[in-house]
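**Student:** Turn this into a structure:
(one chain, ligands or ions: 1)
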Amino acid sequence: MNTYIQYKKATNHIAKPFAYLDLDLLDDNISQILSHSLNKQVRIASKSIRSVPVLKRIMEKSERFQGVMCFTASEAIFLSENGFDDLLIGYPISNKDYISSIAHEIKKGKQITLMVDCFKHIKIIEDAVRDENIIIPVCIDVDMSLVYPNFRFGVYRSPLRSIHEIHQLIYTIQQSKQLKLDGLMGYEAQIAGVGDQVKGKLLKNSVVQMLKKQSIQQIKELRSEIIESIKEYDLSFRFVNGGGTGSLASTCKEEVITEVTVGSGFFSPLLFDAYKDFQYKPAAGFALDIVRKPAENIYTCSGGGYVASGATGKDKLPAPYLPENANLHSLEGAGEVQTPILYKGNENLDIGDPVFFRHSKSGELCERFNSLYCISNGEVVDEYATYRGEGKCFL
Ligand SMILES: Cc1ncc(COP(=O)(O)O)c(C=O)c1O
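**Tutor:** The predicted structure is shown next:
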(Lines give C-alpha, C1' and ligand atoms only; values in the text may rest on other atoms or scores of the structure.)
Protein backbone atom coordinates (compact mmCIF):
# COMPACT_ATOMS: atom_id res chain seq x y z
CA MET A 1 0.00 0.00 0.00
CA ASN A 2 1.49 3.31 -0.90
CA THR A 3 -0.99 5.69 -2.42
CA TYR A 4 -1.39 9.22 -1.14
CA ILE A 5 -4.95 8.65 0.05
CA GLN A 6 -4.04 5.48 1.94
CA TYR A 7 -1.09 7.07 3.73
CA LYS A 8 -3.13 10.19 4.46
CA LYS A 9 -5.98 8.18 5.93
CA ALA A 10 -3.66 6.00 7.99
CA THR A 11 -1.86 8.96 9.55
CA ASN A 12 -4.71 11.46 9.87
CA HIS A 13 -4.49 11.52 13.67
CA ILE A 14 -0.75 12.27 13.84
CA ALA A 15 0.52 15.83 14.23
CA LYS A 16 2.84 16.79 11.36
CA PRO A 17 5.73 16.81 10.74
CA PHE A 18 6.41 13.16 11.49
CA ALA A 19 8.52 10.37 10.07
CA TYR A 20 7.05 7.06 9.05
CA LEU A 21 8.14 3.57 8.18
CA ASP A 22 6.02 1.34 5.97
CA LEU A 23 6.59 -2.05 7.62
CA ASP A 24 5.21 -3.97 4.65
CA LEU A 25 7.71 -2.32 2.30
CA LEU A 26 10.49 -2.74 4.85
CA ASP A 27 9.71 -6.47 5.02
CA ASP A 28 9.79 -6.67 1.21
CA ASN A 29 13.20 -5.01 1.23
CA ILE A 30 14.44 -7.41 3.90
CA SER A 31 13.38 -10.38 1.75
CA GLN A 32 14.98 -8.88 -1.34
CA ILE A 33 18.24 -8.20 0.51
CA LEU A 34 18.32 -11.78 1.78
CA SER A 35 17.84 -13.10 -1.72
CA HIS A 36 20.43 -10.73 -3.27
CA SER A 37 23.00 -11.66 -0.66
CA LEU A 38 22.97 -15.31 -1.76
CA ASN A 39 24.26 -17.44 1.09
CA LYS A 40 26.44 -14.80 2.78
CA GLN A 41 25.95 -13.46 6.28
CA VAL A 42 24.60 -9.89 6.35
CA ARG A 43 25.90 -7.28 8.77
CA ILE A 44 23.51 -4.36 9.25
CA ALA A 45 24.99 -0.86 8.79
CA SER A 46 23.33 0.89 11.72
CA LYS A 47 24.27 4.37 10.45
CA SER A 48 21.65 3.81 7.76
CA ILE A 49 18.95 2.80 10.30
CA ARG A 50 19.50 4.65 13.62
CA SER A 51 16.61 3.05 15.45
CA VAL A 52 16.88 0.14 17.90
CA PRO A 53 13.42 -1.36 17.21
CA VAL A 54 14.09 -1.31 13.46
CA LEU A 55 17.46 -3.01 13.93
CA LYS A 56 15.76 -5.63 16.12
CA ARG A 57 12.98 -6.19 13.59
CA ILE A 58 15.49 -6.82 10.80
CA MET A 59 17.66 -9.02 12.98
CA GLU A 60 14.70 -11.22 13.93
CA LYS A 61 13.86 -11.98 10.28
CA SER A 62 16.78 -14.28 9.59
CA GLU A 63 19.79 -15.88 11.20
CA ARG A 64 21.80 -14.58 8.28
CA PHE A 65 21.57 -11.08 9.80
CA GLN A 66 24.51 -11.72 11.98
CA GLY A 67 25.69 -8.53 13.57
CA VAL A 68 25.89 -4.77 13.29
CA MET A 69 28.37 -2.41 11.71
CA CYS A 70 28.33 0.49 14.17
CA PHE A 71 29.51 3.99 13.37
CA THR A 72 30.94 5.13 16.72
CA ALA A 73 32.22 3.58 19.93
CA SER A 74 29.46 5.10 22.05
CA GLU A 75 26.87 3.73 19.65
CA ALA A 76 28.44 0.26 19.92
CA ILE A 77 28.23 0.47 23.72
CA PHE A 78 24.61 1.66 23.51
CA LEU A 79 23.70 -1.24 21.22
CA SER A 80 25.58 -3.71 23.40
CA GLU A 81 23.61 -2.48 26.42
CA ASN A 82 20.45 -2.93 24.36
CA GLY A 83 21.17 -6.61 23.86
CA PHE A 84 23.01 -6.58 20.51
CA ASP A 85 26.15 -8.61 20.02
CA ASP A 86 28.78 -9.05 17.31
CA LEU A 87 29.37 -5.36 16.85
CA LEU A 88 31.97 -4.26 14.32
CA ILE A 89 32.87 -0.60 14.66
CA GLY A 90 33.25 0.27 10.98
CA TYR A 91 35.61 3.23 11.45
CA PRO A 92 38.75 3.79 13.56
CA ILE A 93 38.61 5.40 17.01
CA SER A 94 41.34 7.61 18.41
CA ASN A 95 39.86 8.32 21.86
CA LYS A 96 41.38 6.11 24.57
CA ASP A 97 38.44 6.53 26.97
CA TYR A 98 36.09 5.12 24.36
CA ILE A 99 38.45 2.21 23.79
CA SER A 100 38.51 1.55 27.57
CA SER A 101 34.71 1.57 27.62
CA ILE A 102 34.65 -0.91 24.74
CA ALA A 103 37.15 -3.07 26.63
CA HIS A 104 34.81 -2.99 29.60
CA GLU A 105 31.96 -4.25 27.41
CA ILE A 106 34.19 -6.98 25.93
CA LYS A 107 35.06 -8.12 29.46
CA LYS A 108 31.37 -8.69 30.05
CA GLY A 109 31.52 -11.24 27.24
CA LYS A 110 30.46 -9.09 24.29
CA GLN A 111 31.93 -9.49 20.81
CA ILE A 112 33.03 -6.00 19.75
CA THR A 113 35.64 -5.43 17.06
CA LEU A 114 37.64 -2.26 16.45
CA MET A 115 38.77 -1.04 13.03
CA VAL A 116 42.43 -0.36 12.23
CA ASP A 117 44.33 0.61 9.11
CA CYS A 118 47.75 1.76 10.44
CA PHE A 119 50.31 1.24 13.19
CA LYS A 120 49.09 4.32 15.04
CA HIS A 121 45.62 2.80 15.46
CA ILE A 122 47.22 -0.32 16.92
CA LYS A 123 49.35 1.72 19.32
CA ILE A 124 46.36 3.76 20.51
CA ILE A 125 44.42 0.59 21.34
CA GLU A 126 47.43 -1.00 23.05
CA ASP A 127 48.02 2.12 25.15
CA ALA A 128 44.37 2.33 26.13
CA VAL A 129 44.23 -1.23 27.48
CA ARG A 130 47.87 -1.73 28.49
CA ASP A 131 47.19 -2.44 32.17
CA GLU A 132 44.16 -4.59 31.55
CA ASN A 133 44.01 -8.30 31.14
CA ILE A 134 42.17 -8.28 27.85
CA ILE A 135 42.54 -9.06 24.16
CA ILE A 136 40.84 -6.66 21.76
CA PRO A 137 39.64 -8.07 18.43
CA VAL A 138 40.52 -5.84 15.48
CA CYS A 139 39.57 -5.73 11.83
CA ILE A 140 41.90 -4.44 9.11
CA ASP A 141 40.29 -2.02 6.64
CA VAL A 142 41.81 -2.29 3.15
CA ASP A 143 41.31 0.41 0.49
CA MET A 144 39.24 -0.85 -2.44
CA SER A 145 39.46 2.27 -4.63
CA LEU A 146 40.33 2.00 -8.30
CA VAL A 147 43.47 4.14 -8.50
CA TYR A 148 45.08 5.51 -11.69
CA PRO A 149 48.05 7.92 -11.77
CA ASN A 150 45.81 11.00 -12.05
CA PHE A 151 42.43 9.66 -11.13
CA ARG A 152 40.81 7.83 -8.26
CA PHE A 153 37.47 6.04 -8.47
CA GLY A 154 36.71 5.49 -4.82
CA VAL A 155 36.88 7.21 -1.44
CA TYR A 156 39.61 8.35 0.93
CA ARG A 157 39.41 6.03 3.94
CA SER A 158 42.10 3.42 4.54
CA PRO A 159 45.63 4.03 3.23
CA LEU A 160 46.24 0.27 3.00
CA ARG A 161 46.49 -1.11 -0.52
CA SER A 162 49.56 -3.27 -0.99
CA ILE A 163 49.89 -6.85 0.19
CA HIS A 164 53.19 -5.88 1.80
CA GLU A 165 51.56 -3.16 3.94
CA ILE A 166 48.74 -5.50 4.95
CA HIS A 167 51.25 -8.16 5.97
CA GLN A 168 53.18 -5.67 8.07
CA LEU A 169 50.01 -4.76 9.94
CA ILE A 170 49.02 -8.38 10.42
CA TYR A 171 52.48 -9.17 11.73
CA THR A 172 52.28 -6.29 14.22
CA ILE A 173 48.85 -7.46 15.42
CA GLN A 174 50.19 -10.98 15.83
CA GLN A 175 53.08 -9.69 17.93
CA SER A 176 50.77 -7.69 20.15
CA LYS A 177 49.76 -9.08 23.54
CA GLN A 178 46.58 -7.04 23.55
CA LEU A 179 45.21 -7.46 20.03
CA LYS A 180 44.01 -10.27 17.87
CA LEU A 181 43.01 -10.22 14.21
CA ASP A 182 39.28 -10.80 13.94
CA GLY A 183 38.52 -9.85 10.36
CA LEU A 184 39.34 -8.03 7.16
CA MET A 185 37.12 -5.39 5.59
CA GLY A 186 37.18 -3.68 2.22
CA TYR A 187 34.36 -1.29 1.40
CA GLU A 188 34.03 -0.72 -2.35
CA ALA A 189 32.29 2.66 -2.04
CA GLN A 190 32.62 3.34 -5.77
CA ILE A 191 30.35 0.37 -6.50
CA ALA A 192 28.12 0.39 -3.44
CA GLY A 193 27.57 4.13 -3.05
CA VAL A 194 27.58 5.51 -6.60
CA GLY A 195 24.41 5.45 -8.69
CA ASP A 196 24.86 4.28 -12.28
CA GLN A 197 21.40 5.05 -13.61
CA VAL A 198 20.92 8.64 -12.53
CA LYS A 199 18.08 10.44 -14.33
CA GLY A 200 19.29 12.87 -17.00
CA LYS A 201 22.96 11.78 -16.76
CA LEU A 202 23.27 9.44 -19.70
CA LEU A 203 26.92 10.07 -20.44
CA LYS A 204 28.04 10.05 -16.82
CA ASN A 205 26.08 6.83 -16.24
CA SER A 206 27.89 5.03 -19.03
CA VAL A 207 31.30 6.15 -17.72
CA VAL A 208 30.38 5.08 -14.18
CA GLN A 209 29.09 1.71 -15.44
CA MET A 210 32.35 1.13 -17.30
CA LEU A 211 34.48 2.12 -14.31
CA LYS A 212 32.38 -0.08 -12.03
CA LYS A 213 32.93 -3.05 -14.30
CA GLN A 214 36.71 -2.58 -14.23
CA SER A 215 36.67 -1.93 -10.53
CA ILE A 216 34.62 -5.04 -9.68
CA GLN A 217 37.18 -7.23 -11.45
CA GLN A 218 40.10 -5.50 -9.75
CA ILE A 219 38.50 -5.76 -6.30
CA LYS A 220 37.82 -9.45 -6.77
CA GLU A 221 41.44 -10.09 -7.69
CA LEU A 222 42.80 -7.91 -4.89
CA ARG A 223 40.65 -9.55 -2.23
CA SER A 224 41.45 -13.10 -3.22
CA GLU A 225 45.15 -12.23 -3.57
CA ILE A 226 45.14 -10.82 -0.01
CA ILE A 227 43.40 -13.86 1.45
CA GLU A 228 45.65 -16.26 -0.47
CA SER A 229 48.75 -14.38 0.62
CA ILE A 230 47.95 -14.53 4.31
CA LYS A 231 47.46 -18.27 4.33
CA GLU A 232 51.12 -18.55 5.28
CA TYR A 233 50.30 -17.00 8.66
CA ASP A 234 48.79 -19.21 11.27
CA LEU A 235 45.60 -17.16 11.42
CA SER A 236 42.02 -18.01 12.08
CA PHE A 237 40.19 -14.73 11.71
CA ARG A 238 36.40 -14.76 11.80
CA PHE A 239 35.27 -12.81 8.77
CA VAL A 240 35.99 -11.08 5.48
CA ASN A 241 33.54 -8.18 5.14
CA GLY A 242 32.78 -6.24 2.01
CA GLY A 243 30.24 -4.20 0.19
CA GLY A 244 27.17 -2.20 0.86
CA THR A 245 23.61 -2.00 -0.47
CA GLY A 246 24.72 -0.92 -3.94
CA SER A 247 27.26 -3.70 -4.44
CA LEU A 248 25.43 -6.78 -3.15
CA ALA A 249 25.31 -8.41 -6.58
CA SER A 250 29.05 -8.28 -7.18
CA THR A 251 30.36 -8.57 -3.60
CA CYS A 252 28.35 -11.71 -2.86
CA LYS A 253 29.80 -13.47 -5.91
CA GLU A 254 33.28 -13.34 -4.40
CA GLU A 255 34.21 -16.61 -2.77
CA VAL A 256 36.48 -15.10 -0.14
CA ILE A 257 33.75 -12.84 1.24
CA THR A 258 32.06 -14.29 4.33
CA GLU A 259 29.73 -11.37 5.07
CA VAL A 260 28.34 -8.27 3.38
CA THR A 261 27.25 -5.03 5.00
CA VAL A 262 23.84 -3.60 4.16
CA GLY A 263 22.10 -0.54 5.58
CA SER A 264 20.45 1.81 3.11
CA GLY A 265 18.57 -0.90 1.23
CA PHE A 266 16.17 -1.39 4.15
CA PHE A 267 14.69 2.13 3.99
CA SER A 268 15.69 2.70 0.35
CA PRO A 269 16.08 6.49 0.24
CA LEU A 270 16.16 8.60 -2.94
CA LEU A 271 19.83 8.06 -3.79
CA PHE A 272 19.17 4.34 -4.08
CA ASP A 273 16.65 4.85 -6.89
CA ALA A 274 19.59 5.44 -9.23
CA TYR A 275 21.07 1.94 -9.58
CA LYS A 276 20.53 -0.16 -12.65
CA ASP A 277 20.81 -3.58 -10.99
CA PHE A 278 18.15 -3.32 -8.27
CA GLN A 279 15.20 -1.37 -6.94
CA TYR A 280 14.16 -1.58 -3.32
CA LYS A 281 10.88 -0.13 -2.07
CA PRO A 282 10.61 3.38 -0.57
CA ALA A 283 9.90 2.24 2.99
CA ALA A 284 10.72 5.35 5.04
CA GLY A 285 9.88 9.01 4.71
CA PHE A 286 8.35 11.99 6.44
CA ALA A 287 5.15 14.00 6.21
CA LEU A 288 4.93 17.78 6.20
CA ASP A 289 1.89 19.92 6.85
CA ILE A 290 0.57 22.22 4.11
CA VAL A 291 0.13 25.53 5.93
CA ARG A 292 -0.23 28.04 3.07
CA LYS A 293 -1.34 28.38 -0.51
CA PRO A 294 0.50 31.46 -1.79
CA ALA A 295 -0.25 30.99 -5.52
CA GLU A 296 -2.00 28.66 -7.87
CA ASN A 297 -0.44 25.18 -7.83
CA ILE A 298 1.90 26.15 -5.00
CA TYR A 299 1.47 24.62 -1.56
CA THR A 300 3.80 25.75 1.18
CA CYS A 301 4.62 23.23 3.90
CA SER A 302 5.99 23.71 7.39
CA GLY A 303 9.60 22.48 7.77
CA GLY A 304 11.33 20.13 5.35
CA GLY A 305 14.95 21.31 5.07
CA TYR A 306 16.44 17.94 5.89
CA VAL A 307 19.39 18.00 3.51
CA ALA A 308 21.70 14.99 3.38
CA SER A 309 25.48 14.85 3.95
CA GLY A 310 28.12 14.38 1.24
CA ALA A 311 29.27 16.48 -1.70
CA THR A 312 26.63 19.18 -2.04
CA GLY A 313 24.17 18.92 -4.90
CA LYS A 314 20.48 18.78 -5.68
CA ASP A 315 20.56 15.04 -5.15
CA LYS A 316 21.04 15.67 -1.41
CA LEU A 317 17.66 17.36 -1.08
CA PRO A 318 14.59 15.47 0.06
CA ALA A 319 11.85 15.19 -2.56
CA PRO A 320 8.04 15.11 -2.41
CA TYR A 321 6.93 11.53 -2.90
CA LEU A 322 3.14 11.49 -2.47
CA PRO A 323 0.97 12.81 -3.95
CA GLU A 324 2.73 11.94 -7.18
CA ASN A 325 3.97 14.70 -9.48
CA ALA A 326 4.73 17.17 -6.71
CA ASN A 327 8.09 18.95 -6.93
CA LEU A 328 10.29 21.26 -4.90
CA HIS A 329 10.52 24.83 -6.13
CA SER A 330 13.92 25.24 -7.82
CA LEU A 331 14.56 28.66 -6.24
CA GLU A 332 13.77 27.58 -2.70
CA GLY A 333 14.55 23.88 -2.38
CA ALA A 334 13.70 22.38 0.99
CA GLY A 335 13.50 25.24 3.47
CA GLU A 336 14.51 25.69 7.09
CA VAL A 337 10.90 26.36 8.17
CA GLN A 338 8.91 26.65 4.92
CA THR A 339 9.01 24.42 1.84
CA PRO A 340 6.84 25.37 -1.13
CA ILE A 341 5.94 22.59 -3.50
CA LEU A 342 4.62 22.81 -7.03
CA TYR A 343 1.67 20.54 -7.61
CA LYS A 344 -0.63 20.22 -10.60
CA GLY A 345 -1.92 16.71 -9.95
CA ASN A 346 -5.36 15.28 -9.32
CA GLU A 347 -5.52 15.44 -5.54
CA ASN A 348 -7.49 18.29 -4.10
CA LEU A 349 -4.84 19.57 -1.70
CA ASP A 350 -5.72 21.99 1.06
CA ILE A 351 -4.23 23.61 4.14
CA GLY A 352 -3.81 20.92 6.80
CA ASP A 353 -3.19 18.13 4.30
CA PRO A 354 0.07 16.15 4.35
CA VAL A 355 2.73 15.93 1.70
CA PHE A 356 4.87 12.81 2.05
CA PHE A 357 8.58 13.18 1.31
CA ARG A 358 11.55 10.88 0.98
CA HIS A 359 14.99 11.70 2.33
CA SER A 360 18.00 11.54 0.04
CA LYS A 361 19.90 9.30 2.48
CA SER A 362 18.83 6.58 4.81
CA GLY A 363 19.67 6.95 8.50
CA GLU A 364 19.92 10.74 8.57
CA LEU A 365 16.12 10.91 8.49
CA CYS A 366 16.12 9.54 12.03
CA GLU A 367 18.31 12.40 13.28
CA ARG A 368 15.35 14.73 12.54
CA PHE A 369 12.55 12.85 14.26
CA ASN A 370 12.02 11.21 17.64
CA SER A 371 10.10 8.30 16.22
CA LEU A 372 8.98 6.48 13.10
CA TYR A 373 5.24 5.84 12.88
CA CYS A 374 4.92 2.30 11.60
CA ILE A 375 2.32 1.72 8.90
CA SER A 376 1.09 -1.72 7.91
CA ASN A 377 -1.99 -2.71 5.93
CA GLY A 378 -3.27 0.85 5.81
CA GLU A 379 -2.98 1.51 9.53
CA VAL A 380 -0.50 2.90 12.00
CA VAL A 381 0.34 -0.17 14.06
CA ASP A 382 3.33 0.92 16.13
CA GLU A 383 5.74 3.74 16.87
CA TYR A 384 9.48 2.98 16.84
CA ALA A 385 11.88 5.26 18.70
CA THR A 386 14.81 6.62 16.74
CA TYR A 387 18.24 7.16 18.35
CA ARG A 388 17.26 10.80 18.65
CA GLY A 389 14.02 9.81 20.38
CA GLU A 390 16.11 7.91 22.91
CA GLY A 391 18.15 11.07 23.52
CA LYS A 392 21.12 9.74 21.58
CA CYS A 393 23.25 11.73 19.17
CA PHE A 394 26.33 9.77 18.19
CA LEU A 395 27.67 11.80 15.27
C1 LIG B 1 32.41 0.75 5.84
C2 LIG B 1 31.08 0.73 5.18
N3 LIG B 1 30.53 -0.45 4.83
C4 LIG B 1 29.33 -0.51 4.23
C5 LIG B 1 28.61 0.63 3.94
C6 LIG B 1 27.29 0.47 3.22
O7 LIG B 1 26.20 1.05 3.79
P8 LIG B 1 24.83 1.17 2.99
O9 LIG B 1 24.34 -0.20 2.73
O10 LIG B 1 23.97 1.94 3.93
O11 LIG B 1 25.10 1.90 1.73
C12 LIG B 1 29.15 1.88 4.27
C13 LIG B 1 28.43 3.11 3.92
O14 LIG B 1 28.91 4.21 3.93
C15 LIG B 1 30.41 1.94 4.91
O16 LIG B 1 30.98 3.11 5.27
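
**Student:** tell me which parts of the stretch 201-350 of the chain are close to the ligand?
**Tutor:** Residues of the stretch 201-350 of the chain lying close to the ligand (Cβ under 6 Å from any ligand atom) are Gly244, Thr245, Thr261, Val262, Gly263, Ser264, Gly265. Every residue, glycine included, has its C-beta placed from N, CA and C.

**Student:** 5 Å instead?
**Tutor:** Gly244, Thr245, Thr261, Val262, Gly263, Ser264 (Cβ under 5 Å from any ligand atom).

**Student:** Neighbour-wise, which one of those leads?
**Tutor:** Top of those by neighbour number is Val262, holding 29 neighbours under the definition other Cβ atoms under 10 Å.

**Student:** Report pLDDT for Asn2.
**Tutor:** pLDDT, Asn2: 69.

**Student:** re the thing from before, now, which of the residues of the stretch 201-350 of the chain next to the ligand lie within strands?
**Tutor:** Thr261, Val262 (DSSP state E).

**Student:** Now render the residues of the stretch 201-350 of the chain next to the ligand as CSV, adding pLDDT and distance to Glu105.
**Tutor:** What follows is these, written out as CSV (pLDDT from 0 to 100; distance: Cβ to Cβ, whole Å):
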residue, pLDDT, distance to Glu105
Gly244, 98, 26
Thr245, 98, 28
Thr261, 98, 21
Val262, 98, 24
Gly263, 98, 22
Ser264, 98, 27
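
**Student:** pLDDT-wise, which helix or strand of the chain ranks last?
**Tutor:** When each helix and strand of the chain is scored by mean pLDDT, DSSP states H and E, strand 146-148 comes last, with a mean of 89.

**Student:** Okay, buried residues for that one please.
**Tutor:** Neighbour-count burial for strand 146-148 flags Leu146 (criterion: 16 or more other Cβ atoms under 10 Å).

**Student:** Can you give the contact residues for it?
**Tutor:** For strand 146-148, contacts defined as Cβ atoms under 8 Å, 6 or more residues apart in numbering pick out Arg152, Phe153, Gly154, Arg161, Gln190, Leu211, Gln214, Ser215, Gln218.

**Student:** Isn't the fifth one up against Leu211?
**Tutor:** So that's Gln190. Yes - contact criterion Cβ atoms under 8 Å: Gln190 and Leu211 qualify, at 7.1 Å.

**Student:** ok, the two, which is more surrounded?
**Tutor:** For Gln190 versus Leu211, neighbours defined as other Cβ under 10 Å are more numerous around Gln190 (22 against 19).
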